[in-house]
Each structure stands twice: as C-alpha cells, then as structure tokens.
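In: quick one: sequence plus predicted model below, questions after.
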Amino acid sequence: MPKDLAGLKGIVPPVVTPLNTDYTVDYPSFTRVIEHLLAGGVHGLFFLGSTSEVVFHDEATRRQILEHAVKITNGRVPVLAGVVDPTTDRVIGHAKSAAAIGVDGVVVTAPFYTRTSQAETIDHFRYVRDGAGVPVIAYDLPVCVHIKLERNTVVTLGREGTVVGLKDSSGDDGGFRYVMSDMADRPDFFCMTGGELGVDGILLAGAHGAVPGLGNVDPAGYVRLYDAARRGDWAAAKAEQERLCRLFEIVWCGTPRTSAGASGVGGFKTSMRAMGIIETNIMARPQRSLNAEESSRIEAILRGVGLLA
C-alpha cells in the first residue's frame, strides 16, 4: 500500500544512479546506495531526480530503476519518483508506470523546451494529477527547466490539492519563504528545500525538511542536522551545517574541465566510490567523469570531515 505523504518531514535524498563501465545501471552498487541511505536514518528516498541523471535514462531503464528501488526499499520509507519529461502526456505516461510499480508519489517539474505560461503550467500539474494515480509533488528547478514556479502558482496548486508538497531547488529562499508562510495553515502540505548549504536556516524559517544531493555521501550528517533542529538545538544544527558545507566543496573539484552538473553529481559518485559504496564514478554521456587528480582532492576533503580514515 502506498504511504501517506501528508505532512512528509525530514531528510529525503535524491538518490544517485551508479553506472557500469558500459553505462548500464550497476544494480549491486545501487542496492548498497539504498542501504547506505537507510542506515543513515533518512525519512524518504527520491529516485529519478536530477541527481539521479534522470533525463539520461530511457523509459525502460527508468522502469527498471524504480522496480529495483521499490523492491530494495521494501516499504521502510516513502519512495518518490521523478517523472521528468518536456510535455504533459509524456509525464503522465511516466507517472502511470511509476504508480503501477508502487511508488508513493511522483515529483513533477514545469514543462520544458516548450514555452509555457504560468497558467499553462498550472494546467500541466492538474492534468498530471488526474492521470497519475498517486500524489504529486511540485519540483521547482528553473536552472534545468528554465521556468520558475511562481509563488501564486505553487500556492494555487497546493490549496486546491493538486500537489501535496514542494521541493524547492530554485535558490530563491525569499520566494520559498513566502510559499511556506502562505501555506502555514495547511499542515498536510510540505515544503522542502533542495539546497545543501543553508538547511539549518531554512528549517528555522519553517521548512519541513531537505532533499540534499550531498545526502548521498553523508545521510547521517543531514539527519543529525535535522534532529538538532527538531529539538531546537540550533547551535548543534549550525555546527553540523558548517561541517557539511566543508564537505560540499567536493562539488567544485571537477570544474572547469566538466560541467557544473557533472562536477557536482560526479563529486558525489567519486566520494561514494572512495567510501566503498559504489564501484565506479562514471557519469552518463556526454558528461565527463572526474579523473584521478580530481578524485584525490575529493578524498582529502572526505578525510577532513571524518568520512575517510
């Protein structure tokens, strides 16, 4: 039975997808990733987001990834699935497939490549809600989809029940705060940041949790931060956040040789390889994987924050 997502809280990492040298999914490593995250105490798992390199996987591979994820997670935490595609009907197709596999909710961006208005974006979410069969979470990701989910758009969708929550990866903390304020009387609607560096501050402002890509590397660190915030120990939350900020420097080790995305997710994968969780740090083509020199710098950062002996 799908889990109830009303009022979802906590740390819900967007899960990396480890690859073999032939660019197929490395499912033994994928299993270790899931177990690593669950052992860290996370409160949910988000598969097929940007950190998962979702747009590089074809429809059949997406199904296989979700089937494996649902099987290994086995109901221990809610499973969210990104159903990212440029247009409405293609998103509905992914959502129906994900629902049939047994995910607890689907994560939906605005349409992209096509040019749409905020009104058409609202219609897009309504169409997906009607066709998905599971709860829909709005994903504000303008850096990738090139359209911002405006405050009124999110609030309209939330108040009418089209979406049950928001993952805000816009970098617009002011706008995010306005949405949290507008929806404060709706405890069934959750607001989570997709950022890594200011989680303590946004929790203090009222966010329900975080979806940090860096949580793949150190899920327990983000859970400690969240737990400290929950008990009102903001000094401990700040100290943990500052340690995670030092760890976050792994995402810059690949630039300028690689794209920002390849350096960031590649930094996560390179760290997890060094920690013995996955076998390779290979990125989906045409993204470049991090090389030996870049990997060495990442390992030094891991040692500095206590994640490598």
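Out: Here it is on my side, so go on.

In: how far out from the middle of the chain is stretch 225-237?
Out: 22 Å (C-alpha atoms, centre = their mean, to the nearest Å).

In: for stretch 298-308, that is, sorry about that
Out: That offset, for stretch 298-308, works out to 23 Å (C-alpha atoms, centre = their mean).

In: and the closest residue to residue 73 other than its chain neighbours, how close does it get to residue 214?
Out: In space, and not counting its chain neighbours, residue 73 is closest to residue 79: 5.4 Å by C-beta to C-beta, 6 or more residues apart in numbering. Quick note: C-beta positions are derived from backbone N, CA and C, even for glycine. Distance, residue 79 to residue 214, using C-beta to C-beta, to the nearest Å: 20 Å.

In: okay, now the sheet partners of the helix or strand containing residue 80, with direction.
Out: If you go by DSSP states H and E, residue 80 is part of strand 79-82. Strands that pair with strand 79-82, judged by DSSP bridges, come out as strand 45-47 (parallel), strand 105-108 (parallel).

In: picking up where we left off before, OK, contacts around the residue nearest to residue 73?
Out: 44-45, 47, 66, 69-70, 73, 102-104 (C-beta atoms under 8 Å, 6 or more residues apart in numbering).

In: check residue 38 too.
Out: By C-beta under 8 Å, 6+ apart, the contact set of residue 38 is 45, 73, 76-77.

In: what do you get for residue 40?
Out: 215, 218-220, 222-223.

In: for residue 142, same thing?
Out: 148-149, 170.

In: and which of the contacts of residue 40 is nearest residue 128?
Out: Sorting these by distance to residue 128 puts residue 215 at the head of the list, at 26.1 Å, by C-beta to C-beta.

In: any chance you could map the strands in this structure?
Out: For the chain, the strands defined by DSSP state E cover 10-11, 45-47, 79-82, 105-108, 136-140, 165-168, 190-193, 209-210.

In: tell me which of these lies nearest to residue 271.
Out: strand 10-11 (17.3 Å).

In: for the stretch 151-300 of the chain, just list every one of the helices.
Out: Secondary structure of the stretch 151-300 of the chain, counting by DSSP state H, counting those that start in this stretch: helices at 151-159, 173-182, 199-204, 219-230, 234-248, 260-274, 292-304.

In: tell me which of those is the most buried.
Out: Across the helices of the stretch 151-300 of the chain, averaging neighbours per residue (mean count of other C-beta atoms under 10 Å) puts helix 260-274 on top, at a mean of 24.

In: and the angle for that one with helix 292-304?
Out: On the basis of axes from the mean of the first three to the mean of the last three C-alpha atoms, to 10 degrees, helix 260-274 is oriented at 60 degrees to helix 292-304.

In: other residues contacting helix 260-274?
Out: 16, 18, 33, 36, 50-51, 53, 213-214, 216-217, 250-255, 258, 278-283, 287-290, 294-295, 298-299, 302, 307-308.

In: please pick the buried ones from these.
Out: 16, 18, 33, 36, 50-51, 53, 213-214, 216-217, 250-254, 258, 278-283, 287, 289-290, 294-295, 298-299, 302, 307 (16 or more other C-beta atoms under 10 Å).

In: tell me the contacts of the residue lying closest to residue 144 once chain neighbours are set aside?
Out: Nearest-residue entry for residue 144: residue 50, 6.0 Å, with adjacent residues in sequence omitted and distances by C-beta to C-beta, 6+ apart. Residue 50 makes contacts with 14, 82, 84, 141, 144, 169, 261, 265, as judged by C-beta under 8 Å, 6+ apart.
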